[in-house]
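Enquirer: I need the structure of the sequence given here:
(2 chains)
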Protein chains: 2
Amino acid sequence: MIDSIPMTKDTPLDHPIHELLASRWSSRAIDPAKSIPKDVMMQVLEAARWAPSSRNEQPWRFIIFTKDKPAELEKAHSTLSEGNAWAKHAPVLLLSVAKLFFDLNGKENRHAVHDLGLATENLILQAAALGLVTHQMAGFDHERARALFQIPQGFEPMTMIVLANPGDLLQLDAKSQEKEKAARTRLLISEFTFDCTWGSTISS
Amino acid sequence: MIDSIPMTKDTPLDHPIHELLASRWSSRAIDPAKSIPKDVMMQVLEAARWAPSSRNEQPWRFIIFTKDKPAELEKAHSTLSEGNAWAKHAPVLLLSVAKLFFDLNGKENRHAVHDLGLATENLILQAAALGLVTHQMAGFDHERARALFQIPQGFEPMTMIVLANPGDLLQLDAKSQEKEKAARTRLLISEFTFDCTWGSTISS
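Expert: Numbers count the residues shown, from 1 in each chain, chains lettered A, B, ... in the order given. Reported below is the predicted structural model:
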């Protein structure tokens, strides 16, 4: 049965890009039984570590939840929106958090959330390089997360990230299966790129 | 002379990561004469295109300035802070811009700037894969950029990005040369990662 094997997804490229960047996608089909070894977790975090950031502030923080501490993982589950219930099968959740102020001078870092994004892309690409599934979720209660995990003021929870081994599509509910099978879609380059001035399109 | 060849930089890894992620760094040593071919530019933008985003909103925009339109490139130069004067030698500058509101419902997208970061990391990694230099700069006058390039309200200019071929370190001023030669430094994983609760360190 073709559906029962881990899915890869075709990326309809208009221009060639590095295989690692083309292969990454946000699957929901995860193996609920297989855990993430510690050394693998460290490699994924190491990739985040080497992202660039404004003034090398490195305004990224990650809170990690694993099945080794089921009560804590359950708390992370309790923050997820209903649509993200499938993510409760993941062996690992990571909560990404942005550090909003510079250490140096206490001033607001207007690139904090942006730079957390840079680091998180590295993290999920390293996971893809290791054959793992990642899936970032905006749909969680961030104020509940702040309270449960004691995130201080000046730091902002941003995404809950599934980290898992690829699994069987058929374990998902019908709606999630449809999402898995849907074609990847993106704007054209000419729709998000401008030539020198806003609204001035480039030819792609 | 060892200094006259394009520099690579050692990344002191604590854990192995994919070569592409380890090799990327923000050099300033660029070739002022060599341009970026159109097909290369498209590959770099294509990589940004395939980043993930909240609700697949793709809240990333890029305004491109090249030596083909010197008066426009000069306007981009006029926004740079003094410390980023070296970047005026680049054949290409890209201004990254976040789209702050969802198309669907007009609501604020709290992940807009974050997701621009995801896309921008893809962009600079694709450039690294092609042997190119990128360097993101926070140091530019973003309100001047908004006025010059007619960036509408609801969109926020975030970073100015150098895209160039690698060049000779010796073309840089002494201060920039020192920065190029300095070792890459990062927090330890144990300094930005927590075990289930804020402040609870993990062992790396």
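
Enquirer: can you point me to the longest strand in chain A?
Expert: If you go by DSSP state E, chain A has its longest strand at strand A:155-164.

Enquirer: What are the phi and psi values at A:Cys196?
Expert: In terms of degrees, to the nearest 10, the main-chain angles of A:Cys196 are phi 70, psi -30.

Enquirer: what do you get for the one 3 residues further on?
Expert: Backbone torsions for A:Gly199, taken as degrees, to the nearest 10, come to phi 90, psi -10.

Enquirer: contacting residues for the closest residue in space to it that isn't next to it in sequence?
Expert: In space, and not counting its chain neighbours, A:Gly199 is closest to B:Gln150: 7.0 Å by CB to CB, 6 or more residues apart in numbering or on different chains. C-beta here means a position set from N, CA and C on the backbone, and glycine is covered the same way. Residues in contact with B:Gln150 (CB atoms under 8 Å, 6 or more residues apart in numbering or on different chains) are A:197-199.

Enquirer: all strands for chain A, in order.
Expert: Secondary structure of chain A, counting by DSSP E: strands at A:60-66, A:92-99, A:133-137, A:155-164, A:193-195.

Enquirer: Just give the strands next to the first one in its sheet, each with its orientation.
Expert: In this case it means strand A:60-66. Taking DSSP bridges as the criterion, strand A:60-66 forms sheet pairs with strand A:92-99 (antiparallel), strand B:193-195 (parallel).

Enquirer: Tell me which of these sits most buried.
Expert: Highest mean neighbour count among the strands paired with strand A:60-66 (mean count of other CB atoms under 10 Å in any protein chain shown): strand A:92-99, with a mean of 25.

Enquirer: Quick one: residues contacting the residue in chain A that chain B sits nearest to.
Expert: For chain A, the residue closest to chain B is A:Gly117, as judged by CB to the nearest CB, at 2.2 Å. Each residue near A:Gly117 by CB under 8 Å, 6+ apart is listed here: B:113-118, B:120-121.

Enquirer: could the residues you listed go into CSV alongside distance to A:Ile17 and pLDDT?
Expert: Formatted as CSV, the contacts of A:Gly117 follow (distance: CB to CB, whole Å; pLDDT from 0 to 100):
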residue, distance to A:Ile17, pLDDT
B:Val113, 23, 98
B:His114, 21, 98
B:Asp115, 18, 98
B:Leu116, 18, 98
B:Gly117, 18, 98
B:Leu118, 15, 98
B:Thr120, 14, 98
B:Glu121, 13, 98
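
Enquirer: Name only those of the residues you listed that count as buried.
Expert: Buried subset of those (neighbour count, 16 or more other CB atoms under 10 Å in any protein chain shown): B:113-118, B:120-121.

Enquirer: Out of the helices and strands in chain A, which is least certain?
Expert: Within chain A, judged by mean pLDDT, DSSP states H and E, the helix or strand with the poorest mean is helix A:174-181; its value is a mean of 92.

Enquirer: Need the residues that contact that one.
Expert: Outside helix A:174-181, the residues that touch it by CB under 8 Å, 6+ apart are A:3, A:7, A:27-29, A:86, A:169-170, A:172.

Enquirer: how about 7 Å then?
Expert: With CB atoms under 7 Å, 6 or more residues apart in numbering or on different chains as the test, helix A:174-181 has contacts from A:7, A:27-29, A:86, A:169, A:172.

Enquirer: Could you work out the most separated pair of these?
Expert: Distance extremes for the contacts of helix A:174-181: the farthest pair is A:Met7 and A:Trp86 at 14.3 Å, using CB to CB.

Enquirer: Identify the spatial nearest neighbour of the residue positioned nearest the centre of chain A, chain neighbours not counted.
Expert: The centroid of chain A falls nearest to A:Gln136 when counting by CA atoms, centre = their mean (3.3 Å). Counting by CB to CB, 6+ apart, A:Thr159 is the residue found nearest to A:Gln136 once chain neighbours are left out, at 4.4 Å.

Enquirer: what residues are up against the one you found?
Expert: A:Thr159 makes contact with A:96, A:120, A:136-138 under the criterion CB under 7 Å, 6+ apart.

Enquirer: Likewise for A:Ala112?
Expert: Taking CB under 7 Å, 6+ apart as the test, what A:Ala112 contacts is A:59, A:98-100.

Enquirer: picking that back up, my read is that the residue nearest to the centre of chain A contacts A:Ile161, right?
Expert: Yes - counting by CB atoms under 7 Å, A:Gln136 touches A:Ile161, with 5.1 Å between them.

Enquirer: any low-confidence regions in chain A?
Expert: By pLDDT under 70, the weakly predicted segments of chain A are A:1-6, A:203-204.

Enquirer: pull the CA atoms of the longest helix anywhere in it into PDB?
Expert: If you go by DSSP state H, chain A has its longest helix at helix A:112-129. Output of helix A:112-129 as PDB, limited to C-alpha atoms (Å, rounded to 0.1, in the frame of the first residue of the first chain):
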ATOM      1  CA  ALA A 112      14.600  39.200  17.900                       C
ATOM      2  CA  VAL A 113      11.700  37.400  16.400                       C
ATOM      3  CA  HIS A 114      13.200  37.500  12.900                       C
ATOM      4  CA  ASP A 115      16.500  36.000  14.200                       C
ATOM      5  CA  LEU A 116      14.600  33.300  16.000                       C
ATOM      6  CA  GLY A 117      13.200  32.500  12.600                       C
ATOM      7  CA  LEU A 118      16.700  32.300  11.100                       C
ATOM      8  CA  ALA A 119      17.800  29.800  13.800                       C
ATOM      9  CA  THR A 120      14.600  27.800  13.600                       C
ATOM     10  CA  GLU A 121      15.000  27.300   9.800                       C
ATOM     11  CA  ASN A 122      18.500  25.900  10.500                       C
ATOM     12  CA  LEU A 123      17.000  23.600  13.200                       C
ATOM     13  CA  ILE A 124      14.400  22.200  10.900                       C
ATOM     14  CA  LEU A 125      16.800  21.800   8.000                       C
ATOM     15  CA  GLN A 126      19.200  19.800  10.100                       C
ATOM     16  CA  ALA A 127      16.300  17.600  11.200                       C
ATOM     17  CA  ALA A 128      15.400  17.100   7.500                       C
ATOM     18  CA  ALA A 129      19.100  16.200   6.800                       C
END
